[in-house]
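Undergrad: Mind looking at a prediction? Sequence and model below.
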Amino acid sequence: MTRDADTAPPPAPPTSPANALQEPGLPDTAAADRAQVEAWLTGFLDRRALPTVLDDAVRYALFGPGKRVRPLLCLACCRAVGGRTELALPAAGCVELIHAFSLVHDDLPALDNDDLRRGRPTLHVHAGEDTAILAGDALLSLAVEAVAEPNPGLAPAVAAQLVSEAARATTDMIAGQGYDTLPHAGRPAPDAPRDERLAWLERMHGLKTGALLIAACRMGAIVGGANPGHLDAVTRFAQTAGLLFQVVDDLLDCTATSQELGKAAGKDHDAGKLTYPGLLGVKGARAVAEELSQQAGQAAAELDASEPGDTGESTRTGGAELDLWRRFVAERRR
């Protein structure tokens, strides 16, 4: 398969500090972790050698400006329980590939029909709808390959667990998108009791946004050899941080501009979607965000507690770095 020089889109620009979104408040580890994840993904795609037009589209979707919250949380959770982050790079790459797949398909005309993502044209605008569909398909299957490949530092049983975590999270994420997008998917009526609508909203976002973030954190902790107590704390941190991420997203959608967000603002309101500010008001949504932030902080703090078998030479970083991520998610402006 070869590129048609007259019709093919230009290749994606390389990621660099000049074209990456600058994110104040990120932990000090974020820049180095991001560089490691992107270097791993670049090497992985180089080895895979996809057809040029498809390779360009995959890299456009994958390496554009963005926060990289999920893969960086994967590495942070690995460190939190005492693991070696280099062993978690395939898991981190996996969750970023899945996330990129979800954005490419969500942006398509048949779903959210967005023209702007991360401050630049969405992939179907840049490269055509046919190429975007195939690139999204490839991103998802590449994610499976990323964690299914032999990793000399991990036991086969751990690798199988990572595949299971990623697959389950992807299915849940797609189910959440179905609840959000498809007609007759169980959305409560506008005049349904507020508690019923709030419960539906929490479940939908727990799937659509939370599932992959939870998997990212759990996969990092699993690679790090987390004991059951620490894995439970990481899971609860991720559950609350994932919902917090979405509540803040809803708030930003109705309080920030498209230029500030790097994507179209106000689309959820215009589409009549159920959101936290729409249901609770901006003040009420901010109260929910504050409560979730506190819960995430409490879960992160549990990682500082010693567990049976810990020694003075433990390499665990505990919950301090995760607490910085909690603050970033709660205070971000895009």
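TA: Good, I have the coordinates.
Undergrad: for the stretch 1-150 of the chain, which spans come out with low pLDDT?
TA: Low-confidence segments of the stretch 1-150 of the chain (pLDDT under 70): 1-24.
Undergrad: could you pull out the strands for it?
TA: Using DSSP state E, counting those that start in this stretch, the strands assigned to the stretch 1-150 of the chain run over residues 116-117, 120-121.
Undergrad: quick one: the last one to chain centroid distance?
TA: Taking CA atoms, centre = their mean, to the nearest Å, one finds strand 120-121 lying 19 Å from the centre of the chain it belongs to.
Undergrad: How many residues are close by residue 203?
TA: Residue 203 has 15 neighbouring residues, counting by other CB atoms under 10 Å. (C-beta placed from N, C-alpha, C; glycine too.)
Undergrad: returning to what we had before: deepest of the strands of the stretch 1-150 of the chain, which one?
TA: strand 116-117 (a mean of 20; mean count of other CB atoms under 10 Å).
Undergrad: Parallel or antiparallel, which strands does it pair with?
TA: Strand 116-117 pairs in its sheet with strand 120-121 (antiparallel), by DSSP bridges.
Undergrad: what's in contact with the partner strand?
TA: Applying CB atoms under 8 Å, 6 or more residues apart in numbering, the external contacts of strand 120-121 come out as 64, 65, 115, 126.
Undergrad: Now with 6 Å, please.
TA: Around strand 120-121, nothing counts as a contact under CB atoms under 6 Å, 6 or more residues apart in numbering.
Undergrad: rewinding a little: export the strands of the stretch 1-150 of the chain to TSV and append columns for distance to residue 71.
TA: TSV is the format used below for the strands of the stretch 1-150 of the chain (distance: least, CB to CB, whole Å):
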stretch	distance to residue 71
strand 116-117	18
strand 120-121	20
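Undergrad: So for residue 164, which of those strands sits nearest?
TA: strand 116-117 (29.5 Å; CB to CB).
Undergrad: Determine how far the closest one lies from the middle of the whole chain.
TA: Strand 116-117 has its C-alpha centroid displaced from the chain centroid by 16 Å (CA atoms, centre = their mean).
Undergrad: What residues does the residue nearest the centre of the chain make contact with?
TA: With distances taken as CA atoms, centre = their mean, residue 70 lies nearest the centre of the chain, 4.2 Å away. Residues near residue 70 by CB under 6 Å, 6+ apart: 95, 99, 213, 216.
Undergrad: What separation do you get for the third one and residue 175?
TA: I take that to be residue 213. Using CB to CB, to the nearest Å, we find residue 213 at a distance of 15 Å from residue 175.
Undergrad: The two: which is more packed in?
TA: Neighbours were counted for residue 213 and for residue 175 using other CB under 10 Å; residue 213 has more, 27 against 16.
Undergrad: Please, which helix or strand holds the more buried one?
TA: Element membership for residue 213, per DSSP states H and E: helix 211-223.
Undergrad: and what of residue 285?
TA: Assigned by DSSP H and E, residue 285 belongs to helix 276-301.
Undergrad: quick one on the thing from earlier: next, format the contacts of residue 70 as JSON lines and append distance to residue 222.
TA: Formatted as JSON lines, the contacts of residue 70 follow (distance: CB to CB, whole Å):
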{"residue": "95", "distance to residue 222": "12"}
{"residue": "99", "distance to residue 222": "18"}
{"residue": "213", "distance to residue 222": "15"}
{"residue": "216", "distance to residue 222": "11"}
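Undergrad: which one among these gets closest to residue 144?
TA: The shortest approach to residue 144 among those belongs to residue 95, at 11.8 Å (CB to CB).
Undergrad: show me what contacts the closest one?
TA: Counted by CB under 6 Å, 6+ apart, residue 95 has contacts 70, 71, 74, 216.
Undergrad: Make TSV out of these and add distance to residue 231.
TA: Output for these, formatted as TSV (distance: CB to CB, whole Å):
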residue	distance to residue 231
70	18
71	19
74	14
216	14
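Undergrad: Considering those residues, which is situated nearest to residue 279?
TA: Relative to residue 279, the closest of the contacts of residue 95 is residue 70; by CB to CB it sits at 26.2 Å.
Undergrad: which residue sits closest to the closest one in space, ignoring its chain neighbours?
TA: Excluding its sequence neighbours, the residue lying closest to residue 70 (CB to CB, 6 or more residues apart in numbering) is residue 216, at 4.1 Å.
Undergrad: which residues does that neighbour contact?
TA: Applying CB under 6 Å, 6+ apart, we find residue 216 in contact with 70, 73, 74, 95.
Undergrad: let's see it at 7 Å
TA: By CB atoms under 7 Å, 6 or more residues apart in numbering, the residues touching residue 216 are 70, 71, 73, 74, 95.
Undergrad: The residue lying closest to residue 286 once chain neighbours are set aside: neighbour count?
TA: Once flanking residues are discounted, residue 286 sits nearest to residue 251: 6.7 Å by CB to CB, 6+ apart. Residue 251 has 18 neighbours, counted by other CB under 10 Å.
Undergrad: What distance do you get for residue 251 to residue 187?
TA: 21 Å.
Undergrad: And for residue 275?
TA: Using CB to CB, residue 275 is found at 12 Å from residue 187.
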